[in-house]
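**Q** model this:
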Amino acid sequence: MRLIRFLWRALNNLVRLMQIIILLAIFSIVVIVVASLGDRGIKIPDSAALVVAPSGALVEQLEGDPLQRAFAEVGGTQLGQTLVHDIVESLELAADDDRIKGVVLMLDEMDDAGLAKLQEIGDSIELVRDAGKPVIAVGDAYSQSQYYLAAHADEIYMHDLGVVFIDGFEYYRTFFRDALEKFKIDMNVFRVGKYKSFIEPFTRNDMSDEDRQSSERWLGALWSNYTRDVEAARGLDDGTIAAFAGRFLEKLSATHGNAAQMALDAGLVDFLGDRRAFIERAIEIAGPSEADDERFSGIDVGSYLAAMRADQLVGRKEAIVGILVASGEIVDGEAPRGVVGGDTLASLVDHVADDDSIKALVLRVDSPGGSMFASEVVFAELQRLKLAGKPLIVSMSATAASGGYYISMPADEIWAGESTITGSIGVGAFVPTFQRALGSLGVTVDGYGTTPLAGQLRLDRELGDEARQILQLGVEEAYRIFVDKVATSRDMSAERTENLARGRVWIGTDALELGLVDRLGTLNDAIASAAELAGLEEGEYDVEFVEPALTLRERIALQLAVYARALAPVDVLSLRGVANTWLGKMSGAIERDLGWLASLNDPRSLYYHCFCQLP
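**A** Next up is the predicted model:
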């Protein structure tokens, strides 16, 4: 035992030593990089194009550990996520920056995204065009989401082997009832709200009529918004996009399988060919690169923002409007970025309440919900913030449904995008039991309990009758709490609230008409409203994201990532996209249907959750 304790202490000391060595190595690299840059910092060329090249998913908050992300960026690894706010901010700054002569959209690496997020970016692209600066898009091909952004460009370039693939919005789910029966797993389900469908994959083999009815409405509204926006941006006749998608095979046959020509004929793209024509056009706009006159002068979003934010550090304001992001599944306890931990978010709200410099808070919600208990923890802390006299505005992103709507209710104002998916006011619970599966293996369970309830909730036994009744009563109570809070916060009658609830999903425009949200607008609109409620004039306040404090190692690594990005020149040929493979799409769909199960940790197994979050 003494030997083991000695080895254990030695191992711990070795780990600490390695951490110190790594930290010193990082610090040394930062010093070398900074020295090599001299006093230049990140230099924005006198004439350049802002290169907007999103990678992976468009998100409101980057997932995971900042230190790991920083090392990945230094190593040139694609992070697989891009902040919507970074793109929007960079475009807004570029519109008024004389050094930025235009914008280049390189969208091959971007995954599909919620329409509300695309609309915010699209509005920002229009600001650049309104400033008289050209916007050009280039891609090997365009998915539906990629094309939405490309449509806002003045010129769209595509490879002559490419395709614009617009197939509409879909809401298909994987159902497991027969599979669970084959494995002899009993999924005991409890719910309130006939449209509350997130438990249906475990109880059915197909979509219920109620879920189909609700889905047809909100998906149809999203599709209408998509086609309207794209046609307006491209100056196309009404119905062009619906006809392109609805008669895809017919139109492709007319061009003998030439999908690129099909897109050109439909007016969806402007130029077909390799990248040379695009590069020459970009050089016309921004001039040649200092390093290589065969390439255009450009600066990527990350480097541009790092330089601009460094300049903004001078003359900071005393008053702050804070932005707190609630992105991802809502779970009980602490959670990393990209997941809404009830305790984590509540702690940050508490920090805002106690920070005198933060005069108002904007809660940016992008969540399909999750744990009822965690949602209530956040709800209560937001109410305390309001009691402290600080204005609270909620800004809904692509999805703020079920638990995402629950945590929005304390707000003085709720802002949504017109294509935000929200509502889904309902509750469900489920408890799997495995007694039949174990029995098929010859495993049985027997014993003794001191009360009739003892052992009724064991997963290796059939769920007891009293346990079933307890769970159903819990679900009904959770639903009553949700509906009552909606009625109180939205100043509605109980009858009207019940008609809007029952798990039904709405989009932003419907939610505004029904009184579930107050106004339609962007995050910037919500920030301006929060400042106004706090009595702050424009120019009197700064806007800051409220996040957990970074460790010293994280701060050093993040700074290293900034300098590494500055040393890497923009290379159009190196930003070549990799098309989404069918295997990746299939695995992604299954992960969406099953991956959320790993986050289910509500202490009472009660969930305010909506299966309405599109990619």
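**Q** Can you give me the pLDDT of the residue lying closest to residue 346 once chain neighbours are set aside?
**A** In this structure, residue 346 finds its nearest non-sequential neighbour in residue 381, 4.0 Å apart by C-beta to C-beta, 6 or more residues apart in numbering. Where C-beta positions appear, they are placed from N, C-alpha and C, glycine not excepted. With respect to pLDDT, residue 381 scores 97.
**Q** Residue 381: which element?
**A** helix 372-387 (DSSP states H and E).
**Q** The stretch 501-615 of the chain: strands as residue ranges?
**A** 505-507, 519-520, 541-545, 606-609 (DSSP state E, counting those that start in this stretch).
**Q** Of those strands, which stretch is the most buried?
**A** For the strands of the stretch 501-615 of the chain, the largest average neighbour count (mean count of other C-beta atoms under 10 Å) is found in strand 606-609, namely a mean of 30.
**Q** picking up where we left off before, how many degrees apart are the helix or strand following the helix holding residue 381 and helix 372-387 in direction?
**A** Tracing the chain past helix 372-387, the next element assigned as helix or strand by DSSP H and E is strand 392-401. Taking axes from the mean of the first three to the mean of the last three C-alpha atoms, to 10 degrees, one finds strand 392-401 and helix 372-387 inclined to each other by 160 degrees.
**Q** Okay, now the sheet partners of strand 392-401, with direction.
**A** Applying DSSP bridges, strand 392-401 is found paired with strand 358-367 (parallel), strand 413-416 (parallel), strand 421-423 (parallel).
**Q** Output that strand as PDB, nothing but the C-alphas.
**A** What follows is strand 392-401 as a C-alpha-only set of coordinates in PDB (Å, rounded to 0.1, in the frame of the first residue of the first chain):
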ATOM      1  CA  LEU A 392     -34.300  41.200 -19.200                       C
ATOM      2  CA  ILE A 393     -34.900  40.700 -23.000                       C
ATOM      3  CA  VAL A 394     -35.000  37.300 -24.600                       C
ATOM      4  CA  SER A 395     -33.800  37.000 -28.200                       C
ATOM      5  CA  MET A 396     -34.900  33.700 -29.800                       C
ATOM      6  CA  SER A 397     -32.600  32.100 -32.400                       C
ATOM      7  CA  ALA A 398     -33.600  29.200 -34.700                       C
ATOM      8  CA  THR A 399     -35.300  27.200 -31.900                       C
ATOM      9  CA  ALA A 400     -36.700  28.200 -28.500                       C
ATOM     10  CA  ALA A 401     -39.300  25.600 -27.900                       C
END
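**Q** Against which helices or strands is the helix or strand immediately after it in the chain packed?
**A** Note on strand 392-401: by DSSP H and E, the next helix or strand toward the C-terminus is helix 403-406. Packing partners of helix 403-406 (3 or more C-beta pairs under 8 Å, 6 or more residues apart in numbering; DSSP states H and E): strand 358-367, strand 369-371, helix 372-387, strand 421-423, strand 606-609.
**Q** I'd like the ones you listed written out as TSV, with distance to residue 267 added.
**A** Converted to TSV, those look like this (distance: least, C-beta to C-beta, whole Å):
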stretch	distance to residue 267
strand 358-367	33
strand 369-371	41
helix 372-387	46
strand 421-423	30
strand 606-609	42
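**Q** For residue 258, find the nearest of the ones you listed.
**A** Distance to residue 258, taken as C-beta to C-beta, is lowest for strand 421-423 among the helices and strands packed on helix 403-406, at 36.4 Å.
**Q** and residue 135, what does it touch?
**A** By C-beta atoms under 8 Å, 6 or more residues apart in numbering, the contact list for residue 135 reads 102-105, 125, 128-129, 152-155.
**Q** what is it paired to in the beta sheet?
**A** Beta-bridge partners, per DSSP bridges, of residue 135: residue 103.
**Q** any idea of the mean pLDDT for stretch 265-276?
**A** So the average pLDDT for stretch 265-276 ends up being 94.
**Q** Buried ones in that stretch, by neighbour count?
**A** Judged by neighbour count (16 or more other C-beta atoms under 10 Å), stretch 265-276 contains these buried residues: 266, 268-269, 272.
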